[in-house]
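Novice: coords please:
(one chain, ligands or ions: 2)
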Amino acid sequence: MLSFFKNLWKLLKDLYKLLVADTLFTPQPFLFPYRSELQVMEHLVSSWCNDRSLPESYILPPEKRPGKLTVPLANNIPVIDLGGHDQTDLIQQILEACQEFGFFQVINHGVPSNLMDEAMSVFKEFHALSGKDKAIETSKDPNKSCFIYTSRANYATEKEVVGPYTAEVRKLGFRILEFISQGLGISLDGLVGNQTLLVNHYPPCPDPSLTLGLGKHMDPVVINILLQSDVYGLQVFKDEEWIVVEPIPNAFVVNIGYPLQIISNGKLKGAEHRVVTNSNVARTTASYFLSPSNETLIEPAKSLVDASHLALYKSLPYKDFLIKYVAASTDSKALEEALSTTV
Ligand SMILES: O=C(O)CCC(=O)C(=O)O
Ligand SMILES: [Fe+2]
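Specialist: Ligands and ions are numbered 1, 2, ... in the order given. Below you'll find the predicted structure:
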């Protein structure tokens with residue numbers, strides 16, 4: 001266990017360097033502790049973004065830098081209209097998107113647009129506070145729940161906005177999971193045990209070519225429902241190329257994480273993604289993660305495994321999956337090797 005914590009610490013430090021963002025998050029601290037460390041640091045990233053030069057420690061080695069910052073928009077992730085009435089067609093579209101991209105956007109999803117806008121305003125307001133105020137307003141105690149509720153002056157409004165926002169996005173997340181479960185013909189009941197709202201803030205960066213807002217990674221959660229607002233930055237890795245995720249007004253970006261890849265026995269693919277920075281405008285996004293409880297077994301669904309479809313992944317309680325995820329340290333090949341039954 002001790003070495004696990006050592007590795008965790010190493011990963012946190014590595015990711016910390018990659019994370020040119022301040023973040024704010026609510027429960028489920030175990031998954032993203034490196035981001036909570038960041039927000040209470042004296043020198044939040046947003047405090048030095050006016051310094052005009054990127055601090056040495058954020059400059060990535062050449063092979064880890066973003067490369068081409070502008071990528072053609074030609075190959076975008078699917079946009080799925082959840083307002084459509086043909087359920088079979090919807091399920092098909094979602095399944096195909098999860099098989100091919102691991103990502104899609106949803107429109108007409110039922111979350112009121114004014115609630116999305118108001119929630120985003122609250123998130124931006126928090127991040128507009130000075131580093132010192134943010135440190136005062138947030139807690140280092142991972143057992144404290146919703147950090148966003150801790151802002152004193154606006155406690156009532158924030159509670160009014162962020163609570164209902166989370167409830168609506170949760171409904172949407174479960175609705176999408178239900179479509180996925182029907183598409184795969186398996187039950188996903190009981191898979192989700194935790195929710196996390198994580199608000200990322202990427203300040204303008206003095207030199208976007210030298211660093212990343214968020215390094216290449218795959219999410220260790222079941223699904224993420226991301227509110228990305230109107231600033232470009234998110235890119236998805238597909239067929240050895242980066243695809244830009246175009247901001248669409250009132251849409252959510254949805255991506256599945258590694259546990260769903262395991263449960264679907266490789267039918268669905270979680271995709272690696274990253275965030276590039278820009279030198280002009282700040283970017284604020286909110287990830288809403290649904291994830292399993294620690295003891296939940298993550299394994300290929302029994303009905304997807306038979307003599308001609310062998311289980312591609314080991315069966316592990318989620319907490320052990322996380323240990324392997326952390327040990328692989330964002331190296332997707334190493335993670336695949338650690339979880340695969342065939343290597
Ligand atoms: O900020 C974004 O666009 C993506 C955030 C993300 O990938 C994450 O929170 O895991
Ligand atoms: Fe992510």
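
Novice: Could you pick out the residues of the stretch 51-200 of the chain near ligand 1 for me?
Specialist: 198, 200 (Cβ under 6 Å from any ligand atom). For glycine as for every other residue, the C-beta is placed from the backbone atoms N, C-alpha and C.

Novice: Can you pull out the low-pLDDT segments for the stretch 51-200 of the chain?
Specialist: Within the stretch 51-200 of the chain, the stretches falling below the threshold (pLDDT under 70) are 51-52, 69-74, 131-132, 134-159.

Novice: where along it do the strands fall?
Specialist: When secondary structure is read from DSSP state E, counting those that start in this stretch, the stretch 51-200 of the chain shows strands at 79-81, 103-107, 194-202.

Novice: Could you pull out the buried residues of the following helix or strand past the last one?
Specialist: Looking back up the chat, that one is strand 194-202. Per DSSP states H and E, the first helix or strand lying C-terminal to strand 194-202 is strand 214-217. Of the residues in strand 214-217, those with enough neighbours to count as buried (16 or more other Cβ atoms under 10 Å) are 214-217.

Novice: out of those residues, what pair is the most spread apart?
Specialist: Distances among the buried residues of strand 214-217 were taken as Cβ to Cβ; the most separated pair is L214 and K216, at 8.4 Å.

Novice: Quick one: mean pLDDT over the host helix or strand of Y325.
Specialist: Element membership for Y325 (DSSP H and E) is helix 318-328. Taken as a whole, helix 318-328 has a mean pLDDT of 92.

Novice: one step back: overlap in contacts, L214 and K216.
Specialist: With contacts taken as Cβ atoms under 8 Å, 6 or more residues apart in numbering, L214 and K216 have R274 as neighbours in common.

Novice: Can you pull the residues of the stretch 201-343 of the chain lying near ligand 1?
Specialist: Of all the residues in the stretch 201-343 of the chain, those lying near ligand 1 are 214, 219, 226, 228, 233-234, 273, 275, 285, 287, going by Cβ under 6 Å from any ligand atom.

Novice: what's the following helix or strand after the helix holding Y325?
Specialist: By DSSP H and E, the next helix or strand past helix 318-328 is helix 332-339.

Novice: Buried residues, that next one. List them.
Specialist: Within helix 332-339, the residues that qualify as buried are 332, 335-336, 338-339, counting by 16+ other Cβ under 10 Å.

Novice: Rebuild the buried residues of strand 214-217 as CSV, extending it with pLDDT and distance to N294.
Specialist: CSV is the format used below for the buried residues of strand 214-217 (pLDDT from 0 to 100; distance: Cβ to Cβ, whole Å):
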residue, pLDDT, distance to N294
L214, 86, 25
G215, 86, 25
K216, 90, 26
H217, 91, 21
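
Novice: closest to ligand 1 among those?
Specialist: Nearest to ligand 1 among those: L214, at 5.6 Å, using Cβ to the nearest ligand atom.

Novice: Could you find the closest non-adjacent residue to that closest one?
Specialist: V275 (3.9 Å; Cβ to Cβ, 6 or more residues apart in numbering).

Novice: Same question for K216.
Specialist: For K216, the closest residue by Cβ to Cβ, 6+ apart turns out to be R274, at 4.6 Å.

Novice: dump the residue contacts of the one you found.
Specialist: For R274, the contact set (Cβ under 8 Å, 6+ apart) comprises 66, 212-217, 234-235, 237, 242.

Novice: just how off-centre is stretch 275-292 within its chain?
Specialist: Put simply, stretch 275-292 sits 8 Å off its chain's centre (Cα atoms, centre = their mean, to the nearest Å).

Novice: correction: stretch 240-254
Specialist: The mean C-alpha position of stretch 240-254 is separated from the chain mean by 13 Å, Cα atoms, centre = their mean.

Novice: same deal with stretch 215-230?
Specialist: For stretch 215-230, the separation from the chain centroid amounts to 2 Å (computed by Cα atoms, centre = their mean).

Novice: Now do the end-to-end distance for it.
Specialist: Taking Cα to Cα, to the nearest Å as the measure, stretch 215-230 stretches 20 Å from start to finish.

Novice: again, but for stretch 299-316
Specialist: Using Cα to Cα, the end-to-end distance of stretch 299-316 comes out at 7 Å.

Novice: What residues sit buried inside that stretch?
Specialist: When neighbours are counted by 16+ other Cβ under 10 Å, the buried residues of stretch 299-316 are found to be 299-301, 304, 311-314, 316.

Novice: before we move on, the earlier item: possible to save the buried residues of helix 332-339 as CSV with pLDDT?
Specialist: Putting the buried residues of helix 332-339 into CSV (pLDDT from 0 to 100) gives the following:
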residue, pLDDT
S332, 86
L335, 92
E336, 93
A338, 94
L339, 95
